[in-house]
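Q: Got a predicted model here, sequence first, then my questions.
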Amino acid sequence: MLSTLSPSQPQPRRRLVNPRQHKQPLSAAPSSSRAPANGLRLIRGEGQRRQDEPLTSRNAVARVLMEAGADLLLRRISSERAGEIERHVDRALELFDRVDANPLVLPVLRRQLDGLEALMRETRERRPARRGG
């Protein structure tokens, strides 16, 4: 039985793509007045980066993490810097939760957010400028 599976005999490759797939018409694009069925929507921004915003909410802190992830994928920052940003973001999100339970922790959160803003400012100044835009 094992002799029939030997690597010396090439196996025919199966096609995974339907050969008629490219001939089928695309469905009409969903209108902008209603959300598509899958829950995704297009955010029109013409590829422009958002202005730096103050870190005053969980959402703003989460956007910092997404920005760092994109910069890492585009190799504009090192994995070490991305890790440092991730640690600051995790700490800030943890402090947001603690402030909800105990408002006396707010000064600690503010210091953490100030540190994260300074780290992001330094990161933005050090990374190479975007090309083509």
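A: Thanks, I have the structure now.
Q: Against which helices or strands is the helix or strand containing Glu122 packed?
A: Using DSSP states H and E, Glu122 maps to helix 106-126. The contact analysis (3 or more CB pairs under 8 Å, 6 or more residues apart in numbering; DSSP states H and E) places helix 106-126 against helix 58-73, helix 79-101. Quick note: C-beta positions are derived from backbone N, CA and C, even for glycine.
Q: What is the neighbour count of Val105?
A: Neighbourhood size, Val105 [other CB atoms under 10 Å]: 16.
Q: who touches it in this structure?
A: Counting by CB atoms under 8 Å, 6 or more residues apart in numbering, Val105 touches 95, 98-99.
Q: out of the residues you listed, which one sits closest to Glu122?
A: Nearest to Glu122 among the contacts of Val105: Leu95, at 20.9 Å, using CB to CB.
Q: any idea how far Leu109 is from the closest one?
A: Look at Leu95 and Leu109: by CB to CB, to the nearest Å, they are 4 Å apart.
Q: Over to Leu116?
A: Per CB to CB, Leu116 is found 10 Å from Leu109.
Q: anything in contact with each of these two?
A: Common neighbours of Leu116 and Leu109 (criterion: CB under 8 Å, 6+ apart): Ala92.
Q: neighbouring contacts of stretch 60-75?
A: Under the criterion CB under 8 Å, 6+ apart, residues 50, 53-55, 77-79, 81-82, 85-86, 89, 92-93, 96, 113, 116, 120, 123, 127 lie in contact with stretch 60-75.
Q: ok, of these, which come out buried?
A: Neighbour counting with 16 or more other CB atoms under 10 Å marks 55, 77, 81-82, 85, 89, 92-93, 96, 113, 116, 120, 123 as buried within the contacts of stretch 60-75.
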